[in-house]
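S.K.: Structure for this input, please:
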Amino acid sequence: MTAVLDQTFAALADPTRRAILARLATGEATVSELAEPFRISLPAISRHLKVLERARLIDRERDGPFRRCRLRADRLAEASDWLRFYERFWTESFDRLAEHLARTQKSQIKEKSHGSGRKPRR
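M.R.: Numbers count the residues shown, from 1 in each chain. Coordinates of the predicted model:
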């Protein structure tokens, strides 16, 4: 599982590849259609697609003279499951921190309103 996640997150680390995946989330596209919004060469787009394909985030197939690409949501779901586990961890940690801060703040307010019971030094 670790190698799979490493490949997935390495592929997602690049903004161009994330943009390609976002486009494929709306439906299949040819390599030319995917390259259209970018100011990079077709060979550069093909290299990005190879990374996505090796990470199994997309499938590519020949359709006559074209190469069609399709998003593979299953691999993204695995990454999402992994992130969800840590989201729960951080959410619970932040909830505990918020409770601690609320108790601390309440205690400080009590001390200020009742005074410390000490006489000021001279």
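S.K.: Every contact and neighbour count from this point should use C-alpha atoms.
M.R.: Noted.
S.K.: how many neighbours does Leu34 have?
M.R.: Residues near Leu34, counting by other CA atoms under 10 Å, number 21.
S.K.: Phi and psi next, for it.
M.R.: Here is the backbone geometry of Leu34 (degrees, to the nearest 10): phi -70, psi -30.
S.K.: Report pLDDT for it.
M.R.: Reported pLDDT at Leu34 in the predicted model: 94.
S.K.: and the spatially closest residue to it that is not a sequence neighbour, how many neighbours?
M.R.: Leaving out its chain neighbours, the residue that sits closest to Leu34 by CA to CA, 6 or more residues apart in numbering is Ile20, at 6.5 Å. Per other CA under 10 Å, the neighbour tally for Ile20 reads 23.
S.K.: okay, Ile20: pLDDT?
M.R.: 97.
S.K.: now swap in the one 4 residues further on and tell me
M.R.: Per-residue confidence (pLDDT) for Leu24: 97.
S.K.: That one reaches Arg70, doesn't it?
M.R.: Yes. Shown here, Leu24 and Arg70 form a contact pair, counting by CA atoms under 8 Å, at 6.2 Å.
S.K.: where does the protein have low pLDDT?
M.R.: 1, 115-122 (pLDDT under 70).
S.K.: same thing but at 90, please
M.R.: Residues of the chain that meet the criterion pLDDT under 90 lie in 1-4, 63-67, 73-122.
S.K.: show me where it has strands.
M.R.: Ranges of strands in the chain, per DSSP state E, are 29-30, 58-63, 66-71.
S.K.: Would you convert these into a markdown table that also reports distance to Ile109 and mean neighbour count?
M.R.: What follows is the strands of the chain, written out as a markdown table (distance: least, CA to CA, whole Å; neighbours: other CA atoms under 10 Å):
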| stretch | distance to Ile109 | mean neighbour count |
| --- | --- | --- |
| strand 29-30 | 61 | 18 |
| strand 58-63 | 57 | 15 |
| strand 66-71 | 55 | 18 |
